[in-house]
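>>> let me see the structure of the following:
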Amino acid sequence: MPSVAVIGAGVIGRAHIRILAGLPAEQGRLAAIVDPTPAGAELAASLGVPHFAEAEAMLDTVRPDGAVIATPNTLHVPGARACIARRTAMLIEKPLAEDLDLALAVAKEAEEADVPLLVGHFRRHNPVTRRAREILRGGGLGRLVAISADSMVLKPDPYYNVAWRREPGGGPVLINIVHDIDALRFLCGEIETVQAVTGNTARGFPVEDTAAVILRFRSGALCTITLSDAVPSPWCWDQTAGENPTFPPHEANAYRLCGTEASLEMPRLALWRYPGQRGWDQKLEREALEVEARDPLVEQMHHFLRVIRREEAPLVSGRDGAATLAATLAVPRSAATGEAVRPAYTLDAA
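The predicted structure is shown next:
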């Protein structure tokens, strides 16, 4: 029965706390909450678990089997290094670090210390994503040729009352499509080049509100990502997958993966193909594929508990998380230079 502490009791930290607190005793338990705020202390008291203001004090006192690091991004690396020093398994929320060199350094330190490190790209744990990957790996679409991905929503005006969200680095490229890029890497393989254009005409802030991105995968497949957080739209994973109760789900799709034999819409999992003769003058057949709906955050936590017990390797290793970070950071690099750029790190280059 692994004991797991949660470091950081913000929005995502509270989601992890809720999941751990609801686990059957024989599966795992919430060991402690680390958060410097009075609200964090109140939450710990309400759940009857120890509260600490600092991670090091908690790790030395409670000595949990694992820790979820759900702090602000700048605190991910210090939290990870504190866990590595005490050989405590980690689930670190994305991104692993704000800087690629730091992300790779932490990944290497964890490997050398033989401390399990799982990066929290939870979309990989969604049964929809796993089924789509099985279809792709099994050749169900033929040769993957083109992918279209949308991430278009309307963030409410008060969201930008926080000053750092109006500045470069606080926009939807580094906050939002890092999820899409990770999911697309998981589905389609490593990314060869990234080309991007960004704009800020909707709000006029220094940070982007819109982007158009082209990914070329090692396989030769091309992907376009259309991004905006300033438009009323259902065409976004969060608005269509029903993963997060914060967002009302809509009957729409965010991704379209197109191969030489068939095409697949996600997350609704609609498979399009010709039942007989092929060609644009023939009628396509649509097949709705069924998967059991499961909360990917819950699935991720169950996986993390197995990682702690050394029953499974992390689905998203430190180096894997660093590769997603590198591909995401390539978007603003390309937008600044006007050229296609290669991610500074890829997993197969490790």
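>>> just the helices from the stretch 51-200 of the chain, written as ranges.
For the stretch 51-200 of the chain, the helices defined by DSSP state H, counting those that start in this stretch cover 55-62, 76-85, 100-113, 127-137, 172-175, 177-188.
>>> how about these in TSV, adding distance to Lys155?
Quick note: C-beta positions are derived from backbone N, CA and C, even for glycine. Listed next are these as TSV, based on distance: least, Cβ to Cβ, whole Å:
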stretch	distance to Lys155
helix 55-62	30
helix 76-85	23
helix 100-113	26
helix 127-137	24
helix 172-175	8
helix 177-188	14
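>>> residue ranges with poor pLDDT in the stretch 201-350 of the chain?
349-350 (pLDDT under 70).
>>> buried residues, stretch 330-341. List them.
Neighbour-count burial for stretch 330-341, with 16 or more other Cβ atoms under 10 Å as criterion, is recorded at 330-332, 334-335, 341.
>>> now stretch 71-84 - C-alpha only, PDB.
Only the C-alpha atoms of stretch 71-84 are listed here, as PDB (Å, rounded to 0.1, in the frame of the first residue of the first chain):
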ATOM      1  CA  THR A  71       3.800  23.300  -7.600                       C
ATOM      2  CA  PRO A  72       4.300  26.300  -9.900                       C
ATOM      3  CA  ASN A  73       6.600  25.400 -12.800                       C
ATOM      4  CA  THR A  74       9.600  27.200 -11.300                       C
ATOM      5  CA  LEU A  75       9.500  24.900  -8.200                       C
ATOM      6  CA  HIS A  76       9.400  21.600 -10.100                       C
ATOM      7  CA  VAL A  77      13.100  21.100 -10.300                       C
ATOM      8  CA  PRO A  78      13.800  21.900  -6.600                       C
ATOM      9  CA  GLY A  79      11.000  19.600  -5.600                       C
ATOM     10  CA  ALA A  80      12.300  16.800  -7.900                       C
ATOM     11  CA  ARG A  81      15.900  17.100  -6.500                       C
ATOM     12  CA  ALA A  82      14.600  16.900  -3.000                       C
ATOM     13  CA  CYS A  83      12.800  13.700  -3.800                       C
ATOM     14  CA  ILE A  84      15.800  12.300  -5.700                       C
END
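>>> mind listing what's buried in it?
71, 73, 76-77, 79-80, 82-84.
>>> just the residues you listed now: which is nearest Pro234?
Asn73 (28.5 Å; Cβ to Cβ).
>>> contacts only, for that closest one.
95, 97-98 (Cβ atoms under 8 Å, 6 or more residues apart in numbering).
>>> scan those residues and report the most crowded one.
The most crowded member of these is Pro95, carrying 24 neighbours; neighbours defined as other Cβ atoms under 10 Å.
>>> does that one touch Leu325 like I think?
Yes: Pro95 lies in contact with Leu325 (Cβ atoms under 8 Å); the separation is 4.9 Å.
>>> joint contacts of these two?
103, 178.
>>> what number of residues lie near Ile175?
Neighbour tally, Ile175, other Cβ under 10 Å: 16.
>>> what about it, distance to Gln195?
As judged by Cβ to Cβ, to the nearest Å, Ile175 and Gln195 stand 21 Å apart.
>>> for Val145, see how far away the residue nearest to Cys188 when sequence neighbours are not counted is.
Among residues not flanking Cys188 along the chain, Phe217 sits closest, at 5.1 Å (Cβ to Cβ, 6 or more residues apart in numbering). For Phe217, the distance to Val145 (Cβ to Cβ) stands at 10 Å.
>>> where do the contact lists of the two overlap?
Common neighbours of Phe217 and Val145 (Cβ under 8 Å, 6+ apart) do not exist.
>>> of the two, who's got more company?
Phe217 (19 against 15).
>>> wait, the more buried one touches Thr193, no?
No: with contact defined as Cβ under 8 Å, Phe217 and Thr193 do not form a contacting pair (9.2 Å).
>>> the nearest residue to Pro248 once chain neighbours are set aside - how many residues pack around it?
Leaving aside its sequence neighbours, Pro248 sits nearest to Gln239 (Cβ to Cβ, 6+ apart; 7.6 Å). Residues lying near Gln239 (other Cβ under 10 Å) number 21.
>>> the contacts of Asn73 in strands, which ones?
Among these, DSSP state E puts none in strands.
>>> just name the closest of the residues you listed to Phe304, please.
Pro95 (17.6 Å).
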